[in-house]
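Engineer: I'd like to go over a predicted model; first the sequence, then the structure.
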Amino acid sequence: MEIVIVRDADEVGRVAALKIASVVQRDPEAVLGLATGSSPTGIYASLAARVAAGELDFSRASGFALDEYVGIPLEHPESYASVIERDVVVPLGMDASKVRVPDGRASDIEAAVVDYEQAIADAGGIDIQILGIGANGHIGFNEPTSSFASRTRIKTLAPQTRADNARFFDDPSQVPTHCLTQGLGTILDAHEVVLVAQGSAKASAVAGMVEGPLGAMCPGSALQLHRHATIVVDEAAASLLQLADYYRYTYANKPVWQRFE
Ligand code: GLP
């Protein structure tokens, strides 16, 4: 794991976007794993600005959303299909036919999740998976006690996650109780992972993920098993990291050939 501690939320988006840009510049047909939520919005805004400036082109890239609610219509503004279309596909100029979201409305959920995993495999796997982390340590919608071997499947949202996401809905009771999410095993199969976190509300989850024991109570800790995970956090989200100074020192002394900014 590489831990990058930056000044503030804007810098988190800018630096993490450089990682994704480098993958797409290397391979214009790269397969992106797309997270929703507040955390990656700075990444998408930064990438969109570079697309608008003609510096980046996502038209040949493809994407797989990390998760989706079950029980709200596709056209609901907070379905992740809508969010991905609005916040990612349009501003980045992606080809909508190359971007998939798990089908939370499928009549046969079991078949839909198997199909989703197969589509990822058929695409050659995810080149870079963008992630945020929940206050309870979840990644995707893999709530605490999710299996480290899990694949895309239906999950029940934890009450804390429903409360956290209530801000996106008119009424807290409208937050769905279920979702489809890539599993921890699916996420671990991505060739590269970049996770972003901002603010003190994420500090405990970030510390558990980076420095805590590998454990079911912090699904993000599964990333300790990933060979190429980059964690970009602001000072507030890094505030409970015991080895923060070591991460700063390591980043400042990174060999030139390893740098992405
Ligand atoms: C959400 C999403 C996750 C996200 C996490 C944190 O509910 N399913 O992909 O990373 O919880 O959300 P946020 O970025 O809004 O804090």
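Structural biologist: Great, that's in hand.
Engineer: What ranges does the stretch 101-250 of the chain have for its helices?
Structural biologist: According to DSSP state H, counting those that start in this stretch, the stretch 101-250 of the chain carries its helices in the segments 109-122, 159-165, 184-189, 203-211, 244-252.
Engineer: got the CA coordinates for the last one in PDB?
Structural biologist: Which is helix 244-252. What follows is helix 244-252, C-alpha atoms only, in PDB (Å, rounded to 0.1, in the frame of the first residue of the first chain):
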ATOM      1  CA  ALA A 244       1.800   9.400   9.000                       C
ATOM      2  CA  ASP A 245       5.400  10.900   9.200                       C
ATOM      3  CA  TYR A 246       6.800   7.800   7.600                       C
ATOM      4  CA  TYR A 247       4.300   8.000   4.700                       C
ATOM      5  CA  ARG A 248       5.100  11.700   4.100                       C
ATOM      6  CA  TYR A 249       8.900  10.900   4.200                       C
ATOM      7  CA  THR A 250       8.400   7.900   1.800                       C
ATOM      8  CA  TYR A 251       6.400  10.000  -0.700                       C
ATOM      9  CA  ALA A 252       8.800  12.900  -0.500                       C
END
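Engineer: returning to that earlier point: distance to the ligand and mean pLDDT for the helices of the stretch 101-250 of the chain - can I get that in a markdown table?
Structural biologist: In this view, the C-beta of every residue, glycine as well, is placed from N, C-alpha and C. Listed next are these as a markdown table, based on distance: least, CB to the nearest ligand atom, whole Å; pLDDT from 0 to 100:
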| stretch | distance to the ligand | mean pLDDT |
| --- | --- | --- |
| helix 109-122 | 15 | 98 |
| helix 159-165 | 5 | 92 |
| helix 184-189 | 10 | 98 |
| helix 203-211 | 9 | 98 |
| helix 244-252 | 21 | 96 |
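Engineer: Number of residues surrounding the residue of the stretch 101-250 of the chain found nearest the ligand?
Structural biologist: Closest approach between the stretch 101-250 of the chain and the ligand, counting by CB to the nearest ligand atom: Gly132, at 2.7 Å. Residues lying near Gly132 (other CB atoms under 10 Å) number 23.
Engineer: buried set for the longest helix anywhere in the chain?
Structural biologist: For the chain, the helix with the greatest residue count under DSSP state H is helix 9-26. Going by neighbour count (16 or more other CB atoms under 10 Å), the buried part of helix 9-26 is 9, 11-21, 23-24.
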